[in-house]
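> here is a sequence with its predicted model. Questions after.
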Amino acid sequence: MALSIVTTHTITADFSLEAVGEHREVHGLAPIGEAQKNTLTFVGDIEKYGEALETALQVGAIVFVPAGQAYSTPSAGTLILAANPRAAFAQASARYFTPPVLAGVAETARVHPTAFIDPSASVGEFTVIRENAVVGAGSEIRDHVVIGRNVTIGDSALIKSHAVIGEEGFGIEKDSAGNNFRIPHLGSVKIGNHVEVGCFTTVCSGTIAPTTIGDYSKIDDHVHISHNCRLERNVIVTACAEVSGSVILEDDVWLGPNSSIIQGVTLGRGALLGIGAVALKSIDEGEVRVGNPARQLPSRSAQ
Amino acid sequence: MALSIVTTHTITADFSLEAVGEHREVHGLAPIGEAQKNTLTFVGDIEKYGEALETALQVGAIVFVPAGQAYSTPSAGTLILAANPRAAFAQASARYFTPPVLAGVAETARVHPTAFIDPSASVGEFTVIRENAVVGAGSEIRDHVVIGRNVTIGDSALIKSHAVIGEEGFGIEKDSAGNNFRIPHLGSVKIGNHVEVGCFTTVCSGTIAPTTIGDYSKIDDHVHISHNCRLERNVIVTACAEVSGSVILEDDVWLGPNSSIIQGVTLGRGALLGIGAVALKSIDEGEVRVGNPARQLPSRSAQ
Amino acid sequence: MALSIVTTHTITADFSLEAVGEHREVHGLAPIGEAQKNTLTFVGDIEKYGEALETALQVGAIVFVPAGQAYSTPSAGTLILAANPRAAFAQASARYFTPPVLAGVAETARVHPTAFIDPSASVGEFTVIRENAVVGAGSEIRDHVVIGRNVTIGDSALIKSHAVIGEEGFGIEKDSAGNNFRIPHLGSVKIGNHVEVGCFTTVCSGTIAPTTIGDYSKIDDHVHISHNCRLERNVIVTACAEVSGSVILEDDVWLGPNSSIIQGVTLGRGALLGIGAVALKSIDEGEVRVGNPARQLPSRSAQ
């Protein structure tokens, strides 16, 4: 790891930025609320996050802040001034802290001859890739992953260890004797670019059309995305969430940990479902729902 | 895939049935509420599902409907008349859409010499099968599965990738110093015929007697069946449900996604636990419980 | 299995104890509430568990009970008198029922040359152990486990099949275009002695400092321990619990099945969170919280 040579001095030199406070080594990255000593973080809105900035500086963090205003030298921590602090943080993250994907397929992986793995992609140990699956450029498929037949994964995706993509959804009917039997699923899964799928996460095959995950959507560990779901762009699904069949999550939806969504509903653009919430109905654009069953937060004016 | 040659004409010829509407190709199967163009589905009760039937026909679905009554020719979609639509659907599903289990054990699987795998069963990549385990005729054990010692799996079962069957339940006691220690589990697991166990599903070993799963029971992905549970016949457990120790689920019980059941209770025949519900007590035969804690649905007469 | 030769006579002889009732074979171990015929169990407090003791004896269990008082000969079942019944039970469990860890690394495991595996530890089939990881003396790492770089696992730990320890937490930020991107996690994971981690359980890498699990903590299957958490000593986490980022669980905390905890809060020593409960706030030492959102149990005096 070359981390010990990344200092605030390196950053300001590489990106032509100005620092306020002592130069120091950077040991990692964190959101502003979790910043620790020598972690790099950012604040885009000084008024809104002023208190968090103070706390972060006190523990010795390095914080990108908006250029174009005066800052006093902090007693601890270091400020780096950037026109767009968030973008600067993203660039520094990509430049110094993101290990390159090592292209190639592990010797122990089982890749069907009809599958296409981009030569710049990486496939980990004991991973199984089935007929006609496609893995795009720069994507990283880790260990013990199962990618079913006809699954398509875009570019720059990250599929963490032990994900299963493209096995059947859970479609059960009764036969003439009243016994359960399963309905085949032929639709497979289509995953966009810059998507992340967590450990122990299932993305199930659609019944006839594919289940789809849009670009930049990020799915945490232990998540279940059922058959025929459509996750649009930039959706965030945190750990242990359960998304039932044919659910639509529009752009920028955020699902809380261990939340559940009943089949067939739609969460509008930017909707947010809280931790442990159980959505029994669709949620309109930008709305927030919490609890079981999920309902509106009590409004502030009503308190 | 031989799918392109399955048409409604093939079906009516093979099963001696009559069609109303144009013949068309069948591209997949779906429940009536999720039917799409060229999907095969069924309606058993025309009065109850009349509206769903209309919708399905409008999108171009092929629908098994009860014979013995008159149907006008639909402007889109196709009807196939059957004495028992559900049974016809089941037969067509089995005949045209269920890929045969390819018998044999993958080269990368690790099967203990004392285990018995029926020659007609299939064992996938990187699967581990331990001492004295038994896998019945026509059963399909997929990739990365772990089957513990003394586990018995019946005939025609499907164990999806990354299931773990027969590791210990979670029995923790305190030692004399107050530290946690685990109690051994020796009862193993006994799984019936036509059972399905989903990806990332655990069925834990019983303490002394086996944990059991009855014939035709279907368990979705991410489910936890704890030690000493007894699932009887034709039970349905949807994704992410948590079933604590010594729970009994009688015939035809249905568990909603991400529901939880406290240890030691019984859900009577045909009982239903809703999505995200938390059952703290037993539920009588045929009863429905929803919410956290689980309670009766408000009755219609009381509204 | 040498189980058939373990009888109450063996136990009384080996530990110099006295029995009341007929000698019989021991077929397994159970908590008092789940005792069956020929299972070994214990009762520490006769007054509190008198009824459970009666039930256990009626079904033919063998029960360690406190020495120093008179017992009538039971019509069924057998009593064994011990100064400390719980400790006697623990000793018998360790002596007769805990299979020894077979030291060594499975041929199919992939262990990085820089990792250190204690020669007395066991590593199972298809397990992947990355750069600089450490596995302590007598620890058992089962099949299909992934242990990330720099992870440390103490002595006498049990990591069940399909656990993933040390992949990144879920730290997502927006780039300058509003797209999600992930923050690297460099802190890894540090696991103590006598810890258990269940099947399909994730313990995520900390952002900069390690996520930590203290000695004797026991974690069931399907649990998610997020980045930067600190589980102290002797904590119990039951199945399907979700523990969000930077949560602290102090000594002897107990988490119910499928419970969820919002990020950044602390559960004080001995706190208990019920099945399916959703903790949105910290919980004080020894307090019990249930429901969604988690709140106090109705007090008995108020009923």
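In hand now; what should we look at?

> how far out from the middle of the chain is stretch A:41-54?
23 Å (C-alpha atoms, centre = their mean, to the nearest Å).

> do the same with stretch A:144-151
From the chain centre to the centre of stretch A:144-151 is a distance of 19 Å (C-alpha atoms, centre = their mean).

> tell me the buried residues in stretch A:126-136?
Using 16 or more other C-beta atoms under 10 Å in any protein chain shown as the test for burial, stretch A:126-136 gives A:126-130, A:133-136. Using the backbone N, CA and C atoms, a C-beta is placed for each residue, glycine as well.

> can you lay out the residues you listed as JSON lines showing pLDDT, secondary structure and distance to chain B?
Formatted as JSON lines, the buried residues of stretch A:126-136 follow (pLDDT from 0 to 100; DSSP: H, G, I helix; E, B strand; the rest coil; distance: C-beta to the nearest C-beta, whole Å):
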{"residue": "A:Phe126", "pLDDT": "98", "secondary structure": "coil", "distance to chain B": "5"}
{"residue": "A:Thr127", "pLDDT": "98", "secondary structure": "coil", "distance to chain B": "9"}
{"residue": "A:Val128", "pLDDT": "98", "secondary structure": "strand", "distance to chain B": "5"}
{"residue": "A:Ile129", "pLDDT": "98", "secondary structure": "strand", "distance to chain B": "10"}
{"residue": "A:Arg130", "pLDDT": "96", "secondary structure": "coil", "distance to chain B": "9"}
{"residue": "A:Ala133", "pLDDT": "98", "secondary structure": "coil", "distance to chain B": "14"}
{"residue": "A:Val134", "pLDDT": "98", "secondary structure": "strand", "distance to chain B": "17"}
{"residue": "A:Val135", "pLDDT": "98", "secondary structure": "strand", "distance to chain B": "17"}
{"residue": "A:Gly136", "pLDDT": "98", "secondary structure": "coil", "distance to chain B": "22"}
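
> which single residue in the stretch 51-200 of chain A comes nearest to chain B?
A:Ser176 (3.2 Å; C-beta to the nearest C-beta).

> need the nearest residue in space to that residue, chain neighbours excluded.
Distances taken as C-beta to C-beta, 6 or more residues apart in numbering or on different chains place B:Ala87 nearest to A:Ser176, at 3.2 Å, with adjacent residues excluded.

> quick one: contacts of the one helix or strand that neighbour maps to?
Element membership of B:Ala87 [criterion: DSSP states H and E] is helix B:85-92. Contact with helix B:85-92 is made by A:173-176, A:181, B:11, B:15, B:17, B:29, B:40-44, B:64-66, B:80, B:82, as judged by C-beta atoms under 8 Å, 6 or more residues apart in numbering or on different chains.

> same thing but 7 Å
Contact with helix B:85-92 is made by A:173-176, A:181, B:11, B:15, B:17, B:40, B:42-44, B:64-66, B:82, as judged by C-beta atoms under 7 Å, 6 or more residues apart in numbering or on different chains.

> filter those residues to the buried ones?
A:173-175, A:181, B:11, B:17, B:40, B:42-44, B:64-66, B:82.

> show me those residues that map onto strands.
Taking DSSP state E, the ones among these that sit in strands are A:173-174, A:181, B:40, B:42, B:64-66, B:82.

> now render the residues you listed as CSV, adding pLDDT.
Listed next are those as CSV, based on pLDDT from 0 to 100:
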residue, pLDDT
A:Glu173, 83
A:Lys174, 84
A:Phe181, 86
B:Leu40, 94
B:Phe42, 93
B:Phe64, 97
B:Val65, 97
B:Pro66, 96
B:Ala82, 96
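
> list just the nearest of those to C:Ser161.
C:Ser161 lies nearest to A:Phe181 out of these, by C-beta to C-beta, at 29.5 Å.

> ok, what's across the strand from that closest one?
On the basis of DSSP bridges, A:Phe181 is bridged to A:Glu173.

> how about the strands in the stretch 1-150 of chain A?
A:18-20, A:28-29, A:39-42, A:62-66, A:78-82, A:104-105, A:110-111, A:116-117, A:122-123, A:128-129, A:134-135, A:140-141, A:146-147 (DSSP state E, counting those that start in this stretch).

> these: lowest mean pLDDT?
Here the lowest mean pLDDT among the strands of the stretch 1-150 of chain A goes to strand A:28-29, at a mean of 88.

> if anything else comes up later, I'll come back, but that's it for now.
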